[in-house]
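> Curious how this folds, go ahead:
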Amino acid sequence: MKVLVLALLCSFQNVPSLSVERAEDRTGDGAVWLELEAVREGYFAYEPPQVRVRFGIRREMLDEQLLQLFRRELDLPVQLQADWLDAVDSPRLDPLLGPTFACNDTIVQGAASWETRPDGETYRVVEFEAPVARLDGDVLEGALLRFATATRFEEDLVQGRLPVDRVEAYVRAEPLVLRRRVPPAEGRPEGYLDAIGQFELFASVSTSHPTVGQTLTFVLELKGRGNLEQLSFPPWRAPRGLAILGHLTETSQGVRRERYDLEVKAPGTIALPPVHFAYFDDERDTYARLSSPELRIEVQAAQPGSSPLPSSPDSPASTGTLRVLVLVAVGALLFVVPWILRARHVRRTVAPRRIQALRRFEADSGSDLLGAYGRFLEDLLADPRATQRARTLAQRLEAHGIPRDLADRAQANFGRLQEARYGVSGPSPEATTRALVEELARCSSYSESSR
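Reported below is the predicted structural model:
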């Protein structure tokens, strides 16, 4: 009964590749044979071809004539030689199953069966599938099966049964032509680029109720099997009311993500229209189309007073506020000065909230420096949306008691980290970021302890 073994191999040790210069070519005599067959009718450029390898040894030759090739005895003393086949990379079976033989320079193990062919002879047959590791052109050739035989033997008192007429031999496999496939021109839909495989398309936003000036993330996620890393994704344009800050592409474990960081520019309802994606389904041998769902976000106007920008000094509100501040300051001096004098000898410590912020930054900065820095600034300002209005970050830090120069540097560093993430500038300024975090925490602790 024919048994298809879908896997080789458990490697044991290395062996030398035997030369065929003085070996006898026994291709076609029927006692030993080697065959190659493509597992599929054709292959696309993104996938390595799978080849089915079969070899057989006639029972009488295996029992009476076949000789060991190496010092280590093999169950099937043959060596399969094919420079395009990497046996070590093939799927592995339980090492307790199947006979051992040599594949290139490795001793391997694979399941085998007895098979009776049309000529009535019985053969020990090994059959397995493996990917082509190296391919030069579209033809696989040069595969051969190396073995040694003898028909006459002598008995030796020390070494036992010894061959008298040892013959080194081999058989060759017929060259195998592999057919490369390309998606057909007929039936190709509008918008098709180069995607091949089977996919699903999803879309999501980080928040559906943002505020003007806030940032949000729009993610297109393509899942499936195919040329995920190589395919071209349709370009996406932000609808009116949104501006693209940056775009990242991530591919891992059967998922391709197109991530867009967006800045919200205007209030109201904004629709993110469906994204259409065309691909060639290599299983059904036809083109297919996917569309992501339409997403809607409800943008809220910024609340009055939410912006930290100072009022104009010439406005009436600014003048009235100044008078009130002067009166409050004079009155506060009467109470604050004695308290300051008493606090001179009190050792200043970092507020627990700052300690937590520092610890959180250290924990997160290894994997996402921009995210860790943004969360630290949000913790520092006690405002979870602080970095979503990055253009006014310095003013908010200054209002929190951070010196103007340090606040400006903190905002500029946030911008540099954003540019580094999207490849606009060089590598992320990690050392500068860590130094700024320590300086900001130190200044913040001083400002808090003096309150």
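
> Could you chop the chain up by domain?
Domain assignment for the chain by automatic domain parsing gives 24-177, 197-299, 332-449.

> pLDDT on the second one, on average?
Mean pLDDT, computed over domain 197-299, is 93.

> And the last one, by the same measure?
For domain 332-449, the per-residue pLDDT values average out at 74.

> how about the CA coordinates for the stretch of helix or strand Tyr170 belongs to, as PDB?
Element membership of Tyr170, judged by DSSP states H and E, is strand 167-172. What follows is strand 167-172, C-alpha atoms only, in PDB (Å, rounded to 0.1, in the frame of the first residue of the first chain):
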ATOM      1  CA  VAL A 167      30.700  -1.600  -6.700                       C
ATOM      2  CA  GLU A 168      29.900   2.100  -6.000                       C
ATOM      3  CA  ALA A 169      26.800   3.200  -7.900                       C
ATOM      4  CA  TYR A 170      24.100   5.800  -8.200                       C
ATOM      5  CA  VAL A 171      20.800   6.500  -9.900                       C
ATOM      6  CA  ARG A 172      19.700   9.900 -11.100                       C
END
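
> which residues are contacting it?
18, 20, 22-28, 32-34, 143-150 (Cβ atoms under 8 Å, 6 or more residues apart in numbering). Just so you know, the C-beta spots here come from the backbone N, C-alpha and C atoms, and that holds for glycine as well.

> mind running it again at 6 Å?
Residues outside strand 167-172 that contact it (Cβ atoms under 6 Å, 6 or more residues apart in numbering): 20, 23-24, 26-27, 32, 34, 144-149.

> can I get these in a markdown table with neighbour count?
Converted to a markdown table, the contacts of strand 167-172 look like this (neighbours: other Cβ atoms under 10 Å):
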| residue | neighbour count |
| --- | --- |
| Val20 | 15 |
| Ala23 | 16 |
| Glu24 | 12 |
| Arg26 | 18 |
| Thr27 | 16 |
| Val32 | 23 |
| Leu34 | 21 |
| Leu144 | 18 |
| Leu145 | 26 |
| Arg146 | 21 |
| Phe147 | 28 |
| Ala148 | 21 |
| Thr149 | 20 |
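
> For these, give me JSON lines that also has secondary structure.
As requested, the contacts of strand 167-172 are arranged in JSON lines below (DSSP: H, G, I helix; E, B strand; the rest coil):
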{"residue": "Val20", "secondary structure": "coil"}
{"residue": "Ala23", "secondary structure": "coil"}
{"residue": "Glu24", "secondary structure": "strand"}
{"residue": "Arg26", "secondary structure": "coil"}
{"residue": "Thr27", "secondary structure": "coil"}
{"residue": "Val32", "secondary structure": "strand"}
{"residue": "Leu34", "secondary structure": "strand"}
{"residue": "Leu144", "secondary structure": "strand"}
{"residue": "Leu145", "secondary structure": "strand"}
{"residue": "Arg146", "secondary structure": "strand"}
{"residue": "Phe147", "secondary structure": "strand"}
{"residue": "Ala148", "secondary structure": "strand"}
{"residue": "Thr149", "secondary structure": "strand"}
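
> So for these, which is the shakiest by pLDDT?
Val20 (70).

> what sits against that one?
Contacts for Val20 (Cβ under 6 Å, 6+ apart) come out as Tyr170.

> tell me the phi and psi of it?
phi -110, psi 10 (degrees, to the nearest 10).

> related to what we said a few turns ago, looking at the domains of the chain, spot the one closest to Pro183.
Pro183 lies closest to domain 197-299 among the domains of the chain, at 4.0 Å (Cβ to Cβ).
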